[in-house]
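Asker: Output the structure for:
(chains A and B)
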Amino acid sequence: MTLKTRLQIPLSLIVLSFILLISGPAWAISLDDFDQYQGTIEIAGGTAHIPVMNEAAQRIMTRNSGIRISVAGGGTGIGVQKAGEGLVDIGNTGRALSQEEINRFGLKSFPFAIDGVAPVIHPSNPVSGLSAEQIRAVFSGEITNWKEVGGRDARINLYGREEASGTHDVFWKRLLDRGDIALTANIVQSNGAMKVAVSNDANSIGYMSIGHIDDSIKPLEVDGVLPSQETAIDGSYSVVRLLYMNTKGDPSTLVKAFIDYIYSDDGAEIIRAAGYIPTK
Amino acid sequence: MQSLELRERLIKATLFAATMVSVVAALSIFALLLYFSLPLFSIEGLRTVISWEWRPFSGHFGIMPMMVGSLLLSTGALLIACPAGIGICAFISVLAPGRFARPVSAIVHYMTSIPTVIYGFVSIFLLVPLIRDWLDKGTGLSLLTATITLSLLILPTIVLVYSAYIREKDKELKLTGAALGFSKSQYFLFILFPLTKKGLIIASILGFGRAVGDTLISLMLAGNTPLVPQSIFDSIRTLTSHIALVIATDSQSTFYHSVFAAGLLLFILMTAINIIIRKIGNSSQ
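Answerer: Residues are numbered from 1 along each chain as shown, chains lettered A, B, ... in the order given. Predicted coordinates:
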C-alpha cells in the first residue's frame, strides 16, 4: 500500500462525513431515501397516533415494497410495555414517560406532535359551549341534566377513559383541574371507542384527541374557545399535550429513517392533515 | 408385535409429557401472578386490593367491584344460556324430526365460529340503542346488555357438550322410553333429563368458564364503571376488562400490580368454581 492510498481512506472518510454533516439536519429526509432500505417496522401504542403512523407507513410502503410497517393501537401503556420489552420498534405514548418507565426500560422519546384534547358531545345536542367550571361540574356529577346547562331535558351520560391514559391525563389536569370524575362514568378503552360511544348516544359527553374528531361528534367550546388545531397553535385553547414515539435505546437505521420522515416536511404535512400540530 | 408395544409405550410417553406440560404451564401461570402481585401485597397491604373502591390516584386499588361484576355477568349469562341450551338440546336430539333438527344444529355449530368481537360490535349498534332508547334505561352499556350478548357466546358451548352427552344416553334409553309408552316430551322430561344431569353440569362449567374468561364483550358492552351495580341497567366492570383497561394505559405504577392481583383472583375463582361444581357432579351420579 502506498502512502497515497493509505492517506486516501481516512481522507475520503472525513470528506464523506463532512458531506453528511452539511447535507442538512437529519430530518430532511424524503421518500426517495427509503429506496436504500428494506425490512420491517412494528409500531404499537397510543391510539391518537394511529392516523399519522398509518399515513406515513402507507406512503413509505407504496414507495418501497421491500419495507413492511405494521401499526397497532393498544394504548399508551401497551406502547411503553411493548417498546420496553423489545416487542415493537416504536411504542407510542400520549404522555411523557414516567421516571419509573425510563429507568426500567431505557427508552428514548421522540415528541413529534402537539395534540389538543376536547370535550365532545353528540352532534344533535343543541349545547355548543360550556364554561370550564360547568364542565368540571358535569364530570364530577354535580350537574346531571342537560337542561341545567341550556340543553334539552335529558340525563347527561358521562364517558371517560382509564386513569393512566394519556388523553385522560391532560384532560384531567388541564381542564378538570384534577377534579373528580363521577365514578358512574362509563369507561371506554380508546379514542376510537370514545368516538363510537359518543356518536351513538344523543345525551353523551366525553373527551378525546382533536385529531380523532370528525362529523360524527361535536367538540364543545370551552369558555368560548372552540378546541381545534388553530386555537391550540395560537394558545387560546390550552388543553394540549405532546404525542411521543419511543424506542428502546437508539433506533436502528430504518426505524431512525421512519422517525426522521415523521420529522420531515412530508411528515409535518401528514401531522397537520391528521389534525395535530407538528413540533418541528 | 414388539413394535406395537414400543408404539404403545411411545404414545403413553407422549401423552404423559403433554399432560405434564399443561400442569407445569398452569402452575407457572399461578406462580407468575403471585410473584407480580407480591409488591402490592407487601407495600399496600392486602386490604387495599380486597376493598370496594377503585381510585388509583388516591391510593384505593379495590378490585372487589370487578369481582362482583364478573360473577354477576357470568352467572346471568349462564341463567339465560342454560335453559335455552337445554331447550335446544331437547329439540335437536329428541323432539324434532331430523330435517328440522339438522339446520338448528348446524346453526349452533356455526355460532361457535363467530368471533367474540363480532358479537360485541353488532351489539353496540343493535342492542345498546335498544336498551337506551326503547327501554329508556341508562346509557345502554350495562350489565343486561353484556349478559344477553355473553349468553349467546356461551350457548353453543353448552349445547354441543350437553347434546353429545344426551346422544349417548339416548342410545341406551330410547327403547325403554318407547316401551313405557312415553311421548317424546315425557321421555325427555322424566327419563333423559334426570339421567343426564351430570352432562349438563359439565356443559355449564365449560360455559361458565368461557363467560368468566371473556374480555371483549364486557369491555365493549358493560360500560366499565368500577362500581357494584344497583340494577341490571347499571354499568359494571369485570376482572378481565379491568385488566385490559389498565394494561392499555399503564405499565409501571403501583396500581399496575393490582392487575396481577385481579388475574390471581380470577385464577383462584375459576379453580374454586371448577372444584365445587365437579364435586356436585360427582355426588349426583
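Asker: what's the offset of stretch A:30-48 from the middle of its chain?
Answerer: Relative to its chain's centre, stretch A:30-48 lies at 16 Å (CA atoms, centre = their mean, to the nearest Å).
Asker: Just the CA coordinates for stretch B:220-227, please, in CSV.
Answerer: Written as CSV, here are the backbone C-alpha positions of stretch B:220-227 (Å, rounded to 0.1, in the frame of the first residue of the first chain):
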residue,chain,number,x,y,z
MET,B,220,-67.3,-3.2,24.8
LEU,B,221,-70.8,-3.5,26.3
ALA,B,222,-70.7,-3.4,30.1
GLY,B,223,-69.6,0.2,30.5
ASN,B,224,-66.7,-0.5,32.7
THR,B,225,-67.7,1.5,35.8
PRO,B,226,-65.8,0.2,38.8
LEU,B,227,-68.9,0.1,41.0
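Asker: what's that stretch in contact with?
Answerer: The contact list for stretch B:220-227 (CB atoms under 8 Å, 6 or more residues apart in numbering or on different chains) reads A:183-189, A:193, B:54, B:62, B:65-66, B:69, B:73, B:117, B:120-121, B:123-124, B:127-128, B:139, B:141-143, B:145-146, B:149, B:218, B:234-238, B:241-242, B:245. Where C-beta positions appear, they are placed from N, C-alpha and C, glycine not excepted.
Asker: buried subset of the residues you listed?
Answerer: A:183-189, A:193, B:54, B:62, B:65-66, B:69, B:73, B:120, B:123-124, B:127-128, B:139, B:141-143, B:145-146, B:149, B:218, B:234-238, B:241-242, B:245 (16 or more other CB atoms under 10 Å in any protein chain shown).
Asker: residues in the stretch 1-150 of chain B within reach of chain A, list them.
Answerer: B:Arg55, B:Pro56, B:Phe57, B:Ile124, B:Phe125, B:Val128, B:Pro129, B:Arg132, B:Gly138, B:Thr139, B:Gly140, B:Leu141 (CB under 8 Å from any CB of the partner chain).
Asker: didn't the fourth one look like it was pressed against A:Val196?
Answerer: Yes. B:Ile124 sits in contact with A:Val196 when judged by CB atoms under 8 Å, with a separation of 6.5 Å.
Asker: Identify the residue of the stretch 1-150 of chain A closest to chain B, quick one.
Answerer: Residue nearest to chain B within the stretch 1-150 of chain A (CB to the nearest CB): A:Gly75, separated by 3.2 Å.
Asker: Let me know the pLDDT of that residue.
Answerer: pLDDT, A:Gly75: 85.
Asker: Ok, the one 4 residues further on next?
Answerer: In the prediction, the pLDDT value recorded for A:Gly79 is 90.
Asker: got the contact list for the host helix or strand of it?
Answerer: A:Gly79 is part of helix A:76-84 when elements are defined by DSSP states H and E. Helix A:76-84 is contacted from outside by A:44-46, A:74, A:87-95, A:97, A:101, A:104-105, A:107, A:164-166, A:246-248, B:246-252, B:256, using CB under 8 Å, 6+ apart.
Asker: which SS state does A:Leu183 fall under?
Answerer: What DSSP: H, G, I helix; E, B strand; the rest coil gives for A:Leu183 is coil.
Asker: Next one, pLDDT for the nearest residue to it once chain neighbours are set aside please.
Answerer: For A:Leu183, ignoring the flanking residues on the chain, the nearest one in space by CB to CB, 6 or more residues apart in numbering or on different chains is B:Leu227 at 5.5 Å. pLDDT for B:Leu227: 91.
Asker: again, but for A:Leu3
Answerer: Per-residue pLDDT puts A:Leu3 at 47.
Asker: do B:Ser283 as well
Answerer: pLDDT, read off for B:Ser283, is 67.
Asker: and if you look at B:Leu33?
Answerer: The model reports B:Leu33 with a pLDDT of 87.
Asker: Which residue is the nearest non-sequential neighbour of whichever residue of chain B sits closest to chain A?
Answerer: Among the residues of chain B, B:Ala248 lies closest to chain A, at 3.2 Å counting by CB to the nearest CB. Nearest residue to B:Ala248, sequence neighbours excluded (CB to CB, 6+ apart): A:Gly75, at 3.2 Å.
Asker: from memory that neighbour sits against A:Gly45, does it?
Answerer: Yes. The pair A:Gly75 and A:Gly45 qualifies as a contact (CB under 8 Å) at a distance of 6.9 Å.
Asker: List the contacts of the helix or strand of chain B with the lowest mean pLDDT.
Answerer: Ranked by mean pLDDT, DSSP states H and E, the weakest helix or strand in chain B is helix B:46-49, scoring a mean of 76. Helix B:46-49 has contacts (CB under 8 Å, 6+ apart) with B:Ser37, B:Leu40, B:Phe41, B:Gly59, B:His60, B:Phe61, B:Gly62, B:Ile63, B:Ser258, B:Ala261.
Asker: buried residues in that helix?
Answerer: Per 16+ other CB under 10 Å, helix B:46-49 contains these buried residues: B:Thr48, B:Val49.
Asker: After it, which helix or strand is next? Please name it.
Answerer: strand B:54-55.
Asker: Flag every buried residue along stretch A:97-117.
Answerer: A:97-98, A:101-102, A:105, A:107-110, A:112-117.
Asker: Just the strands from the stretch 1-150 of chain B, written as ranges.
Answerer: Along the stretch 1-150 of chain B, the segments classed as strands by DSSP state E, counting those that start in this stretch run B:54-55, B:60-61.
Asker: Can you pull the residues of chain A lying near chain B?
Answerer: So chain A meets chain B at A:74-78, A:80-81, A:84, A:98, A:100-101, A:104, A:157, A:161-166, A:168, A:183-190, A:193, A:196-197, A:200-201, A:204 (CB under 8 Å from any CB).
Asker: Restricted to helices, list those residues.
Answerer: A:76-78, A:80-81, A:84, A:100-101, A:104, A:166, A:168, A:193, A:196-197 (DSSP state H).
Asker: pLDDT value on the residue nearest to A:Trp146 when sequence neighbours are not counted, please?
Answerer: Nearest residue to A:Trp146, sequence neighbours excluded (CB to CB, 6+ apart): A:Ala154, at 5.1 Å. pLDDT for A:Ala154: 92.
Asker: what sits against A:Ala154?
Answerer: Going by CB under 8 Å, 6+ apart, A:Ala154 touches A:Asn145, A:Trp146, A:Lys147, A:Ala202, A:Asn203.
Asker: Highest neighbour count among those?
Answerer: In terms of neighbours by other CB atoms under 10 Å in any protein chain shown, the contacts of A:Ala154 top out with A:Trp146 at 22 neighbours.
Asker: Surely that one and A:Asn157 touch.
Answerer: No. Assessed by CB under 8 Å, A:Trp146 is found out of contact with A:Asn157, at 9.8 Å.
Asker: Can you pull the residues that touch both of these two?
Answerer: Jointly contacting A:Trp146 and A:Asn157 under the rule CB under 8 Å, 6+ apart are A:Asn203.
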